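J.: Sequence first, then the predicted structure, then my questions.
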Amino acid sequence: MSDSIWGYQPTAGHTAGADLIGYKVEATDGSIGKVDKHSDDVNAAYLVVDTGVWIFGKHVLLPAGTVRTVDEAERKVFVDLTKDQIKNSPEFDRDKHVGDAGYHEQVGSYYSHRRP
């Protein structure tokens, strides 16, 4: 993985500026939802995933460093996390957490301890 949890891995196959909205998101143990929003900001790249009915419509923020592969042909993003790791992540409120440095630190710390 890259040194920063907030940057895409060089091997992920993500092209900066590519629109990932609507891509399915696949955990290591199955599908978890779709990309609702994403950012390619340097040292602050992330995906907001709408988990739909899987965890009752919860949105989660996934740092770009958790992305293993982007498959543009299949419109899927594969992450190096299990469904439970994502389900147990810090609660995300899109109205107050996007751009909140303290929240990003909390999420970064949570996922940094779960890196393969």
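T.: Arrived safely, thanks for sending.
J.: Output the contacting helices and strands for the helix or strand bottoming out on mean pLDDT in the chain.
T.: Counting by mean pLDDT, DSSP states H and E, the chain has its least confident helix or strand at helix 101-112, which shows a mean of 87. Counting contacts by 3 or more CB pairs under 8 Å, 6 or more residues apart in numbering; DSSP states H and E, helix 101-112 packs against strand 59-63. C-beta here means a position set from N, CA and C on the backbone, and glycine is covered the same way.
J.: Quick one: mean pLDDT over the strand it packs on.
T.: For strand 59-63, the mean per-residue pLDDT is 92.
J.: on contacts alone, who are the packing partners of the next helix or strand after it?
T.: From strand 59-63 onward toward the C-terminus, using DSSP states H and E, the following helix or strand is strand 67-71. Packing partners of strand 67-71 (3+ CB pairs under 8 Å, 6+ apart): strand 76-79.
J.: quick one: buried residues of the next helix or strand after the strand it packs on?
T.: Counting by DSSP H and E, the next helix or strand C-terminal to strand 76-79 is helix 83-87. Buried residues in helix 83-87, counted by 16 or more other CB atoms under 10 Å: 83, 85, 86.
J.: Okay, the spatially most central residue of the chain and residue 81: tell me how far apart.
T.: In the chain, the centroid-proximal residue (CA atoms, centre = their mean) is residue 62; its distance is 2.5 Å. Distance, residue 62 to residue 81, using CB to CB, to the nearest Å: 7 Å.
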